[in-house]
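Chemist: kindly generate the corresponding structure for this input.
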Amino acid sequence: MHRSSRLCSQDLMKNLLKTLVSGAPCYVEARYHKRTSKNFMVQKGRVDTAHHASTVGVGVRALVNGSWGFSATSQMNPASLKQALNDAIEMAKLMAKLRKSEPISLAKANLATQDIIGPDYHELYSMSSSDKLQQIIELEKQIQTASKSIQSASCSYKEIFEEKIVVTSDGAEGSYKIALPEVSFSAIAEGHGEQSFMHQGAGVSGGWTCLYNHPSIQNATENTAKLAVDLLDAKYPDGGVKTCILSPDLVGLLCHEAIGHTVEADFVTSGSVAQGMIGKRVGSDLVNMADTGCEVISGYAVGNIPFDDEGVKTETTTIIENGILKSYLHNRESAAEFGVNPTGNARAWLYNDEPLIRMRNTYFLPGTNSLDQMISEVEDGYLVEGAGSGQADSNGEFMFGSSYIWEIKSGKKTRLLRDATLSGIAFDVLDTVDAVSKEFQWSLGTGYCGKGQPAKVDAGGPYVRCKIQVGGR
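Modeler: Below you'll find the model as predicted:
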């Protein structure tokens, strides 16, 4: 009965939005969005954080005389929705009078009309919070008791349930429900007057079973504790331009931060390094990169969405093919400006946010080498793992942190080293890529992208061998 009432409620909301846009005097986009989130953290055997939140409302955009107007309401009745529409239209008229740029137009798009429930949504929704919490308590205990050198351990869990309905006056009327659970592990070790920190985690678009089948979770408590302890005795790497094999988490960070943002069409028009580069070489022949809302490589990606917040069906967009830049990431507005098809990259964080051009799952495509083969061919270099924080600018210049790396000497993985930094210019680094592994993994599922508003994204790839500037202490 409860499930049936939810379905009826969603059908009722869709009909309200369809009625709203059908009588509009201009292009209108109405987006219903409900987000429910829950998180808790266990530290030193106790529950330190337990939080539950829910937001729900409708955002309305209107395009009048080539300008946007936007309004939002948390009231779901017809009168409030009509008022939000009128406010959006009035704002658009005002913006049109003040506009000094070319009028906005929208590209035609493949619009969503399906009602979709994501994988294992009901599995996670029906699982009790106490069962989830008990498992998190046990995982934290495993880290805390793994070694006498572990001074502090924590384990955190977060889940988001997203419900969206997007209806537009030109034909979109899709809905979806997806679940986004994630788990993170941390350990602090102390010894010999040193302290080290290790953090690992994973997130998925799916349910509890999917989350705990993620490769990053396998043996995660043991690995987190062991690495934290082993790093107490680790030295710092030698600096310089080195041959490095980047692990999937570092490759994902590179794809998202240093390349992905430069090909978002709004950044392109603002003068990013990718401006005017379509059809030109930006990497070696082994470089293939894409962004997708419907990943099919290995499962688990947290950025899966069936359609974006303009109602455009998502697909896989090839960004780089055999080293050649093929496409930017577009919403309907930028697609019209560039004379191409929309790529389904318009995303808004909350119902009262306007959609921006954002990534979904951004990744480097797998190659044909094995990791063992790639290591065996390195005379002097590093295997770089443990991606930390990172930053990049519109020129593709980046600096990333790595909590641990492995020294490679004469084709053998040898010493564990700590706290490296990687820096360079993305397209220059891509030009040095000479080997790409068959192994592939999504690895940034606990991350959030910031661009005026957050976005839940994922990134990853295979192991990639290249030359890059390494810094130590």
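Chemist: how about the residue lying farthest from the centre of the chain, what does it touch?
Modeler: Most distant residue from the mean C-alpha position of the chain: residue 192, 38.4 Å away (Cα atoms, centre = their mean). Shown here is residue 192, whose contacts under the criterion Cβ atoms under 8 Å, 6 or more residues apart in numbering are 232, 233. Every C-beta, even on glycine, is put in place using the N, C-alpha and C of the backbone.
Chemist: and it, its phi and psi?
Modeler: Note on residue 192: its backbone torsions stand at phi 60, psi 30 [degrees, to the nearest 10].
Chemist: same question, residue 359
Modeler: phi -70, psi 170.
Chemist: which pLDDT value goes with it?
Modeler: On pLDDT, residue 359 comes in at 98.
Chemist: now swap in residue 211 and tell me
Modeler: pLDDT for residue 211: 93.
Chemist: next one: residue 387
Modeler: As predicted, residue 387 sits at a pLDDT of 87.
Chemist: show me where pLDDT drops low in the chain?
Modeler: The chain contains residues with pLDDT under 70 at 1-8.
Chemist: for the residue lying closest to residue 454 once chain neighbours are set aside, give its distance to residue 458.
Modeler: Leaving aside its sequence neighbours, residue 454 sits nearest to residue 448 (Cβ to Cβ, 6 or more residues apart in numbering; 4.6 Å). Using Cβ to Cβ, to the nearest Å, residue 448 is found at 11 Å from residue 458.
Chemist: between those two, which has more neighbouring residues?
Modeler: Higher neighbour count among residue 448 and residue 458: residue 458, with 29 against 12, using other Cβ atoms under 10 Å.
Chemist: ok, the more buried one - contacts?
Modeler: By Cβ under 8 Å, 6+ apart, the contact list for residue 458 reads 203, 252, 301-303, 360-362, 442-445, 447.
Chemist: isn't there a helix covering residue 413?
Modeler: No - going by DSSP: H, G, I helix; E, B strand; the rest coil, the assignment for residue 413 is strand, not a helix.
Chemist: ok, and the closest non-adjacent residue to residue 146?
Modeler: Distances taken as Cβ to Cβ, 6+ apart place residue 225 nearest to residue 146, at 3.5 Å, with adjacent residues excluded.
Chemist: over to the one you found: give its phi and psi.
Modeler: Dihedral angles (degrees, to the nearest 10) for residue 225: phi -70, psi -40.
Chemist: how many residues are close by it?
Modeler: Using other Cβ under 10 Å, residue 225 has 23 other residues around it.
Chemist: my guess is it contacts residue 152, does it?
Modeler: No - with contact defined as Cβ atoms under 8 Å, residue 225 does not reach residue 152; the gap is 11.2 Å.
Chemist: shared neighbours of those two, anything?
Modeler: residue 187.
Chemist: show me the domain layout of this protein.
Modeler: According to automatic domain parsing, the chain comprises the domains 2-233, 240-471.
Chemist: give me whichever of those is most buried.
Modeler: Among the domains of the chain, the stretch with the highest mean neighbour count (mean count of other Cβ atoms under 10 Å) is domain 240-471, at a mean of 21.
Chemist: ok, and the closest non-adjacent residue to residue 71?
Modeler: In this structure, residue 71 finds its nearest non-sequential neighbour in residue 87, 3.8 Å apart by Cβ to Cβ, 6+ apart.
Chemist: which strand or helix spans the one you found?
Modeler: Applying DSSP states H and E as the criterion places residue 87 in helix 78-98.
Chemist: which helices and strands does the helix or strand just after that helix pack with?
Modeler: Sequence-wise, the next helix or strand downstream of helix 78-98 (DSSP H and E) is strand 115-117. Contact analysis of strand 115-117 by 3 or more Cβ pairs under 8 Å, 6 or more residues apart in numbering; DSSP states H and E lists strand 173-191 as its packing neighbours.
Chemist: just after the strand it packs on, pick out the following helix or strand.
Modeler: Of the helices and strands lying after strand 173-191 in sequence (DSSP H and E), the nearest is strand 194-203.
Chemist: what's next to that following strand, contact-wise?
Modeler: Against strand 194-203 from outside (Cβ under 8 Å, 6+ apart): 151, 180-189, 211, 214-217, 220, 223-225, 227-229, 231-234, 300, 302, 386, 403-404, 418, 443, 445-446, 456, 458.
Chemist: same question, stretch 85-101
Modeler: With Cβ under 8 Å, 6+ apart, stretch 85-101 has contacts from 20, 24-26, 28, 30, 60-71, 103.
Chemist: swap the cut-off to 6 Å and go again
Modeler: Contact with stretch 85-101 is made by 20, 60, 62, 64, 65, 67, 68, 69, 70, 71, as judged by Cβ atoms under 6 Å, 6 or more residues apart in numbering.
Chemist: go on, stretch 66-74?
Modeler: 57-62, 80, 84, 87-89, 91-92, 95-96, 99, 103-104, 351-352, 354.
Chemist: distance from the chain centre to that stretch, please.
Modeler: Centroid separation between stretch 66-74 and its chain, computed with Cα atoms, centre = their mean, to the nearest Å, is 26 Å.
Chemist: please apply the same query to stretch 173-185.
Modeler: Remark: stretch 173-185 is offset 12 Å from the chain centroid, using Cα atoms, centre = their mean.
Chemist: just the CA trace of it, in CSV.
Modeler: Extracted as CSV, the C-alpha positions of stretch 173-185 are listed here (Å, rounded to 0.1, in the frame of the first residue of the first chain):
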residue,chain,number,x,y,z
GLU,A,173,8.1,14.4,-19.1
GLY,A,174,10.5,12.0,-17.5
SER,A,175,10.9,10.9,-13.9
TYR,A,176,13.5,8.9,-11.9
LYS,A,177,14.4,7.6,-8.5
ILE,A,178,18.0,6.7,-7.7
ALA,A,179,19.9,5.8,-4.5
LEU,A,180,23.4,7.0,-3.8
PRO,A,181,25.1,5.3,-0.9
GLU,A,182,28.8,5.8,0.1
VAL,A,183,31.1,4.7,2.8
SER,A,184,34.5,6.0,3.9
PHE,A,185,37.3,4.7,6.2
